[in-house]
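Colleague: Structure for this input, please:
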Amino acid sequence: MLKILFSIFLCTFIMQPLLSQTVIYPVMPEVELNPDFVVRINDGSGYKTIPVQDIVDVCFVHFSMTSSVNIEITVNEDIDTWKIAPEVLGIIPEINGHTMTFTLNNPEKLIVLINDGAGNHTLGLDGLCILAEEPESNPPKPSDPNVVNIMDYNVDSTGNSLATSLIQQAFNDYNGEDKIIYFPPGVYKTGMLHIRSNQSVYLAPGAVLMGSSNISDYQQIGGEGSKNEKYVIGSWKSDNVKIFGRGIVNGNGTALRLQDPEGSDFKTHNIQFQGSTGVTIEGIISLNPSSWNIEPIFCDNLIIRNTKVMSDLRYYGNRLNTDGIDLNKCRHVVVEDCLIWSGDDAITPKQDNTYNSVFPLRNVNDHLYKNITVYTRKAAIKIGSETYGPGKEFYDMTFQNFNIIYADRAINIWSEFGAIINYITFKDFNIETIGSEYKQSHIYCTIDNEGNSIKNINFINIHAKEPAPLGSSFIGDNLNSIINNKKVQYYNIHFSNYTIAGETVLSLEDTLANFNLDDDAQSADPSAFSFDPGSATAVNHKFAPGNFLKAYPNPFKNKCTISFQINRDEHVRIAIRNLEGKVIETLVDEKMERGLHSVEWRIGSDFSGVYLVSLTTGSSMATYKLLKL
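Modeller: Okay, here's the model as predicted:
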């Protein structure tokens with residue numbers, strides 16, 4: 001895809017207000033823009049263009065708002081299909097040739113996919129993230145008495161020269177003092193930086209901490225840290241530390257990965273706190289690491305709030321590894337109000353077996369994750385796979401209100417190397433599209449490589465738009481082994497109001513859920529699983545506002561009538577699929593007028609079983625289960 005540099009005249013975007021309620025955040029001349037999108041917003045004062053910042057596979061716009069805004073997106077081809085996610089928000093745009101427009105009434109983090117990106121999520125096409133924020137609350141000012149302006153250290157703010165030593169000097173000069181190190185708009189090229197205890201780093205809108213593309217610039221700081229760990233900014237055994245603001249940490253990962261596509265010599269994280277208590281990351285954007293975006297190690301009392309994470313989706317050689325947030329040996333954690341676009345696993349609580357002499361194995365507990373939107377090639381949530389620690393436990397973790405736009409696995413629990421996984425709750429999930437890599441599952445749980453039991457797991461109000469190609473699995477080659485005189489198994493796995501395509505799953509035999517409990521050597525105990533319908537009913541409009549899809553009679557013998565309603569004139573495709581998702585017959589594939597329609601499907605008497613009828617339009621998709629007698 002063509003890239004263009006942000007030309008100097010566009011500096012007029014710096015903190016540009018539309019009215020007092022709406023602010024377009026600044027973009028520096030050195031930042032790369034995406035030429036394929038033109039985005040404008042209007043809060044009543046007329047349309048203003050927002051610069052579309054670009055990284056590989058994804059681009060974004062960033063602004064704050066306090067009242068409704070109209071958003072206009074123009075691309076260089078006709079818009080045939082589209083998706084504005086999360087779909088549960090029910091945002092339906094007006095389409096006019098190359099342009100879509102819609103109204104956003106509240107601050108939201110949206111993912112917009114157009115044409116091929118909306119139809120089949122073909123990787124390599126850019127997604128557009130719309131980051132509409134609430135205004136900052138009392139941001140610091142350079143003149144405040146507890147603020148240290150980094151420009152007082154003669155730091156280059158154009159990104160032309162390396163600024164590591166000067167920035168680190170500012171941190172060292174105020175070691176242990178309650179200071180805010182203030183980065184005004186600009187690009188600051190750096191290697192590794194360590195925040196000191198009681199310090200905060202404020203990245204103003206338009207400020208970019210840009211990781212160097214020279215791996216030799218990532219050097220240990222005074223013997224601190226682990227020699228194999230490289231990152232842009234973090235801490236080593238510093239307490240009460242914070243990174244906040246509306247600026248960016250950019251790992252420059254594409255440049256680093258291209259230098260060593262097959263190996264790990266150029267593996268760097270964006271943010272890594274080690275052995276710290278009282279850590280906050282709030283409001284910032286983490287972009288384009290060469291490896292993981294954010295990895296706290298052995299941290300307690302950790303808050304990650306309103307953080308936007310965007311990674312390169314591509315493989316380099318056989319490497320992907322661009323995780324979102326990996327929480328390694330951490331306790332007392334809150335992660336909330338985040339958007340994660342990641343090549344590899346999006347959220348990963350884990351406990352690895354490295355640096356145990358400094359950061360010993362321990363129980364990992366008290367985690368809360370809520371209000372999170374995910375787009376990933378791998379797992380949206382993965383507990384593990386590193387769950388080291390015989391006699392240790394992962395417990396008391398809650399994952400709530402997730403919108404999973406695209407993932408290979410929505411939920412993955414992977415037990416290895418000894419720790420028990422216990423008392424985990426997944427609640428209020430909307431799963432839109434599954435399928436990308438190998439496992440292609442709503443839920444994928446496995447107990448391998450000396451893994452221990454997984455027990456007391458609750459799945460509550462889990463709503464999937466469509467069946468997963470490979471269903472859900474509870475498997476493992478270490479099942480039924482004995483650890484500490486106890487059998488390794490799944491215990492007390494409960495589903496309450498788990499729905500697929502609007503149908504409630506009430507047993508392990510459900511054909512839409514397609515549960516797999518058998519591994520090559522061992523099987524999960526079916527008696528460990530229980531189901532109830534819950535108190536809510538999922539319906540198709542949860543994913544496709546304004547459209548509906550029904551069939552009658554159902555069950556049927558040789559024919560049924562499929563009724564559907566569309567809320568605008570648009571192209572419609574009605575297809576019959578088997579439970580593996582393969583299309584066996586297309587009934588409608590044409591442009592239709594808004595309103596109520598019907599089509600008849602006939603099938604021979606020798607083809608009994610369960611089928612799926614899918615309605616796909618430019619604005620939505622719905623699925624309905626059919627039973628052929």
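
Colleague: Can you read off the pLDDT for Gly117?
Modeller: Gly117 is assigned a predicted lDDT (pLDDT) of 62.

Colleague: again, but for Gln522
Modeller: 83.

Colleague: For Lys550, see how far away it is.
Modeller: 42 Å (Cβ to Cβ, to the nearest Å). From N, CA and C alone the C-beta is placed, and that goes for glycine too.

Colleague: Show me which of those two is the more surrounded one.
Modeller: Gln522 (18 against 15; other Cβ atoms under 10 Å).

Colleague: Return the residues in contact with that one.
Modeller: Gly476, Asp477, Asn478, Leu479, Asn480 (Cβ atoms under 8 Å, 6 or more residues apart in numbering).

Colleague: Ok, Lys559 next?
Modeller: By Cβ under 8 Å, 6+ apart, the neighbours of Lys559 are Glu600, Trp601, Arg602, Ile603.

Colleague: any idea how far the last one is from Asn554?
Modeller: Distance from Ile603 to Asn554, counting by Cβ to Cβ: 13 Å.

Colleague: what about these two, which has more around it?
Modeller: Ile603 (19 against 15).

Colleague: and the residue lying closest to that one once chain neighbours are set aside, what are its bridge partners?
Modeller: Closest residue to Ile603 apart from its sequence neighbours, by Cβ to Cβ, 6 or more residues apart in numbering: Lys628 at 6.0 Å. On the basis of DSSP bridges, Lys628 is bridged to Phe556, Gly609.

Colleague: Let me know how buried Lys628 is, in neighbour terms.
Modeller: Around Lys628 there are 19 residues (other Cβ under 10 Å).

Colleague: which residue packs closest to Lys486, ignoring adjacent ones?
Modeller: Nearest non-adjacent residue to Lys486 (Cβ to Cβ, 6+ apart): Ser453, at 7.2 Å.

Colleague: my bad, Ala207
Modeller: Gly247 (3.5 Å).

Colleague: Equivalent analysis for Ala528, please.
Modeller: Tyr490 is the one closest to Ala528 (Cβ to Cβ, 6+ apart), at 4.6 Å.

Colleague: tally of neighbours for that neighbour?
Modeller: What Tyr490 shows, counting by other Cβ under 10 Å, is a neighbour count of 24.

Colleague: which residues touch it?
Modeller: Cys445, Ile447, Ser453, Ile454, Lys455, Ile457, Phe474, Ala524, Asp525, Ala528, Phe529.

Colleague: And the spatially closest residue to the fifth one that is not a sequence neighbour, how close does it get to Asn270?
Modeller: Just to be clear, that refers to Lys455. Among residues not flanking Lys455 along the chain, Tyr491 sits closest, at 3.6 Å (Cβ to Cβ, 6+ apart). Distance of Tyr491 to Asn270, computed by Cβ to Cβ: 38 Å.

Colleague: And the residue nearest to Lys455, how far from Tyr315?
Modeller: Tyr491 is 37 Å from Tyr315, by Cβ to Cβ.

Colleague: go on, Pro296?
Modeller: 26 Å.

Colleague: which of the two has more neighbours?
Modeller: More crowded of Pro296 and Tyr315, by other Cβ under 10 Å: Pro296, with 25 against 15.

Colleague: what ranges do the helices span in this protein?
Modeller: When assigned using DSSP state H, the helices of the chain occupy the ranges 116-119, 164-173, 253-259.

Colleague: Met192: which of the ones you listed is closest?
Modeller: Of all those, it is helix 164-173 that lies closest to Met192, at 7.2 Å by Cβ to Cβ.

Colleague: residues in contact with that closest one?
Modeller: By Cβ under 8 Å, 6+ apart, helix 164-173 touches 148, 150, 152-155, 181, 188, 190-196, 199, 212, 217, 221.

Colleague: are any of these buried, and which?
Modeller: 148, 150, 153, 155, 181, 188, 190-196, 199, 212, 217, 221 (16 or more other Cβ atoms under 10 Å).

Colleague: Give me the subset of those lying in strands.
Modeller: Among these, the members falling in strands (DSSP state E) are Val148, Ile181, Tyr188, Thr190, Leu193, His194.

Colleague: Farthest-apart pair in those, please.
Modeller: Maximum distance among these (Cβ to Cβ): 16.4 Å, for Val148 and Thr190.

Colleague: which regions of the stretch 401-550 of the chain lie under the pLDDT threshold?
Modeller: By pLDDT under 70, the weakly predicted segments of the stretch 401-550 of the chain are 436, 519-521, 535-548.

Colleague: I misspoke; the intended subject was the stretch 201-350 of the chain.
Modeller: In the stretch 201-350 of the chain, residues with pLDDT under 70: 261-265, 316-319.
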